[in-house]
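Novice: output the structure for:
(one chain, ligands or ions: 1)
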Amino acid sequence: MYTQGLNELAARPLAAVQEDPERLRRFEARIDAEEKIEPKDWMPETYRQTLIRQISQHAHSEIVGMLPEGNWIGRAPSLLRKSILIAKVQDEGGHGAYLYSAAETLGISRAELIEQLLSGAAKYSSIFNYPTLTWADVGAIGWLVDGAAIMNQIPLCRCSYGPYSRAMIRICKEESFHQRQGYDLMLKLARGSAAQRAIAQDALNRWWWPSLMMFGPPDTASPHTALSVRWKIKRFTNDELRQKFVDFTVPQARFLGLEIPDPALRWDAGRGQHVHGEIDWSEFQEVVRGNGPCNRDRLQARRDAHESGRWVREAALAHAAKRARAAAA
Ligand code: FAQ
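Specialist: Numbering: from 1, shown residues only. As a prediction, this is how the structure comes out:
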């Protein structure tokens, strides 16, 4: 999806893409009327490419997102925590699978999408390029990363593209369990020993700013937001969702007795919102460019998994061919 070709197409102004004006007018009238666009309906090429780009980035994020937490399955401190974590990581694999299916309805194959991920051409969320150093990171990911994911994804349940919006409804139900288990884990640590409180605070310190970056660049630097909002792919801008997340999460941190690592954070009574400090966008850009702490490891882990699963794919194909031959005989 993030091949240069697709990026260039998605970035072209609407007027530059030659579309039949009457079809475009009818398409936009359907969007305005809150109708869902379905795979066989006419759609502008830019709409199709924007969706392939966003849905496949989302799918790749779920699949790569299994890695940081998967790292802790063998070291979870109790049977209960281990079962919860296994269920969560499996859910993420399922989310990736629904999302690849939703992207396939737009005329691209899963094999192509996976090739784009493995070759490094595709993007996935910046957040999954940070390491999970302690058990508290599993709690911080559930609380903050799944919390940010839900904030971004609930509006996607109302996305104008039918298959994406329907996939998001189920995904959001599962994300909500993910967020709750993370907050519960943080609460146990925050109310535990001094050492447990210390790892909880340390995890919040390391995951806070990358979680804010998950929402994407500021609106002034977001090339895709205007058209995606106009076509109701996105219902809110990046900054609007980031603000909602901050307002939602600050009281939760207070309840935990943990401190958000932002000395500039304050409540603005006039605006009825929290004001947060400057985000280090140079760090975001470095991570997106492939220079985050774990980018190389993450891609290598996916390539290794793909290679070691090769025999399974080949065996499944051989079995299907054998059955087809038997049925035809
Ligand atoms: N990381 O113009 P915009 C999860 C790129 S799932 C990397 O604002 P757009 C579940 C963007 O692609 C997390 N790249 O773009 C879970 C674009 O690149 P391009 C993923 C980023 O699409 C939890 C360029 O910057 N969620 O967490 C990021 O309108 C726990 C310009 O940006 C989704 O994918 C980033 N953070 O808005 C799993 C949700 N942000 O094409 C395991 C669906 C932006 O110009 C454990 N996606 N970029 O080269 C969306 O809502 C949107 O695509 C945004 C970006 C909001 C992410």
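Novice: by contact count, what packs against the longest helix along the chain?
Specialist: In the chain, with assignment by DSSP state H, the single longest helix is helix 162-190. If contacts are counted by 3 or more CB pairs under 8 Å, 6 or more residues apart in numbering; DSSP states H and E, helix 162-190 sits against helix 79-104, helix 136-140, helix 146-153, helix 194-213, helix 238-256. (C-beta placed from N, C-alpha, C; glycine too.)
Novice: quick check: buried residues in that helix?
Specialist: Neighbour counts using 16 or more other CB atoms under 10 Å place 162-165, 167-168, 171-172, 174-175, 178-179, 181-183, 185-187, 189-190 of helix 162-190 among the buried residues.
Novice: can you check stretch 198-207 too?
Specialist: Residues 199-204, 206-207 are the ones in stretch 198-207 that count as buried (16+ other CB under 10 Å).
Novice: so which bits of this structure are right by the ligand?
Specialist: Those residues of the chain that sit near the ligand, judged by CB under 6 Å from any ligand atom, are 2, 7, 53-54, 57-58, 61-62, 65, 92, 123, 125-126, 141, 145-146, 149, 152, 213-217, 222-225, 228, 234, 238, 288.
Novice: now list the buried members of the residues you listed.
Specialist: Applying 16+ other CB under 10 Å to the residues of the chain next to the ligand flags 2, 7, 53-54, 57-58, 61-62, 65, 92, 123, 125-126, 141, 145-146, 149, 152, 213-217, 222, 224-225, 228, 234, 238, 288 as buried.
Novice: show me the helices in the stretch 1-150 of the chain, by range?
Specialist: Using DSSP state H, counting those that start in this stretch, the helices of the stretch 1-150 of the chain run over 4-11, 21-32, 45-64, 66-70, 79-104, 110-118, 136-140, 146-153.
Novice: which of those sits most buried?
Specialist: helix 136-140 (a mean of 26; mean count of other CB atoms under 10 Å).
Novice: quick one: mean pLDDT for stretch 231-247?
Specialist: Stretch 231-247 shows a mean pLDDT of 98.
Novice: what's the offset of that stretch from the middle of its chain?
Specialist: Here the centre of stretch 231-247 is set off from its chain's centre by 14 Å, with CA atoms, centre = their mean, to the nearest Å.
Novice: compute the first-to-last residue distance for it.
Specialist: With CA to CA, to the nearest Å as the measure, stretch 231-247 spans 27 Å from end to end.
Novice: buried set for that stretch?
Specialist: 231-246.
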